[in-house]
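Engineer: I'll drop the sequence and a predicted model, then ask my questions.
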Amino acid sequence: MAVALGQGRIAKLGIIRRMTFLAIDVGNTRLKWALYDAPHPGAAPIAHGAEFLDHIDRLAEGSWASLPHPTRMLGCVVAGDAVKRRVQEQMEIWDVTPSWVVSSAQEAGLTNGYDHPSRLGSDRWVAMIGARHHVLASGPARPLVVVMVGTAVTVECIDTEGRFMGGLILPGHGIMLRALETGTAGLHVPTGEVRPFPTNTSDALTSGGTYAIAGAVERMYQHLLQHCGQEPACIMTGGAGWKMAPSMTRPFELVDNLIFDGLLEIAAQRFGG
């Protein structure tokens with residue numbers, strides 16, 4: 001009885017903190033973060049934001065300064081250890097242990113078919129976990145093509161049993177255009193449109209990059225269809241996904257926060273959310 005009264009009194013004084021979960025995705029260009037009210041799928045978002053990597057060092061005094069203190073944190077980072085350390089320094093305003101996803105042989109219902117599982121980019125691994133559970137939440141298991149369109153583009157294939165079969169990495173649209181500008185006299189990064197039959201250089205460059213990505217995705221779709229004998233589901237994510245979707249030969253579902261979805265799935269298993 002005394003214990004129960006003590007807990008009630010503490011709760012009334014507001015000393016007990018509710019569980020909050022911070023998800024962080026550190027890409028090649030930006031850090032994206034989201035704070036949730038619990039570490040499990042379907043948790044309600046409390047706040048979210050993004051910061052270019054050059055400006056990470058102002059997070060603690062900026063957008064993170066007024067956040068409720070997270071009790072759990074999980075993230076993925078592809079930008080390297082130096083950037084990870086900078087992020088962790090900003091997290092010193094809270095009493096929370098940094099935890100980072102490293103790709104493994106199996107996690108959250110996904111089996112890793114990479115030759116060396118730990119060498120698979122953690123963002124790819126987490127996004128695939130999010131995509132797999134997204135499909136399972138709406139129906140039976142299906143083969144799955146997962147496309148992330150960012151600074152680089154990745155195209156992943158997952159079979160019906162949840163095994164990552166393999167995937168592609170190719171330059172994003174901006175990298176392709178800058179490479180052409182650097183290596184080809186007289187060409188400049190364009191502001192063209194995607195056209196079926198481009199009749200000017202800007203449209204030709206924009207269309208060429210877009211169709212190169214679309215063609216790579218279609219090839220992987222065909223490989224997975226042939227392997228599984230079943231039409232794959234197709235999910236696309238990433239900052240430039242909305243630009244690519246109209247040019248794809250297959251209908252793709254756009255999912256904005258696929259990496260955060262994956263982090264929530266992993267957190268539920270690791271933290272018991």
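Structural biologist: Now that the structure is in, tell me what you want to look at.

Engineer: flag the shaky bits of the stretch 101-250 of the chain, pLDDT-wise.
Structural biologist: Filtered on pLDDT under 70, the stretch 101-250 of the chain yields the residue ranges 185-187, 189-190.

Engineer: quick check: buried residues in the helix or strand hosting Ala212?
Structural biologist: Under the criterion of DSSP states H and E, Ala212 resides in helix 201-228. By neighbour count on 16 or more other CB atoms under 10 Å, the buried set for helix 201-228 is 202-211, 213-214, 216-218, 220-221, 224-225, 228. C-betas here are computed from N, CA, C, even on glycine.

Engineer: what helices or strands is that helix leaning on?
Structural biologist: Judged by 3 or more CB pairs under 8 Å, 6 or more residues apart in numbering; DSSP states H and E, helix 201-228 is in contact with strand 144-149, strand 152-158, strand 163-171, helix 173-183, helix 241-244.

Engineer: from the contact counts, what lies against the last one?
Structural biologist: In this structure, helix 241-244 packs against strand 144-149, helix 201-228, with contacts taken as 3+ CB pairs under 8 Å, 6+ apart.

Engineer: each with direction, which strands does the next helix or strand after it pair with?
Structural biologist: Once the chain leaves helix 241-244, the next helix or strand it forms, by DSSP H and E, is strand 253-254. Looking at strand 253-254 with DSSP bridges, its partner strands are strand 233-237 (parallel).

Engineer: could I get the helices and strands packed on helix 201-228 in CSV, plus columns for distance to Val78 and mean neighbour count?
Structural biologist: Converted to CSV, these look like this (distance: least, CB to CB, whole Å; neighbours: other CB atoms under 10 Å):
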stretch, distance to Val78, mean neighbour count
strand 144-149, 11, 27
strand 152-158, 9, 24
strand 163-171, 11, 17
helix 173-183, 15, 15
helix 241-244, 17, 18
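
Engineer: distance to Ala79 for the helices and strands packed on helix 241-244 - can I get that in TSV?
Structural biologist: Compiled in TSV, the helices and strands packed on helix 241-244 are given as follows (distance: least, CB to CB, whole Å):
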stretch	distance to Ala79
strand 144-149	15
helix 201-228	22
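
Engineer: any idea which of these gets closest to Phe260?
Structural biologist: strand 144-149 (13.0 Å; CB to CB).

Engineer: list the contacts of that closest one.
Structural biologist: Outside strand 144-149, the residues that touch it by CB atoms under 8 Å, 6 or more residues apart in numbering are 123-124, 127-128, 131-132, 135, 153-158, 167, 172-173, 213, 217, 220-221, 224, 232-241, 243-244, 250, 252, 258.

Engineer: run a quick neighbour tally on Pro140.
Structural biologist: Neighbourhood size, Pro140 [other CB atoms under 10 Å]: 7.

Engineer: point me to the helix or strand that includes the residue lying closest to Ile56 once chain neighbours are set aside.
Structural biologist: Sequence neighbours aside, Arg86 is the residue nearest to Ile56 in space, at 5.0 Å (criterion: CB to CB, 6 or more residues apart in numbering). Arg86 is part of helix 81-90, with elements assigned from DSSP H and E.
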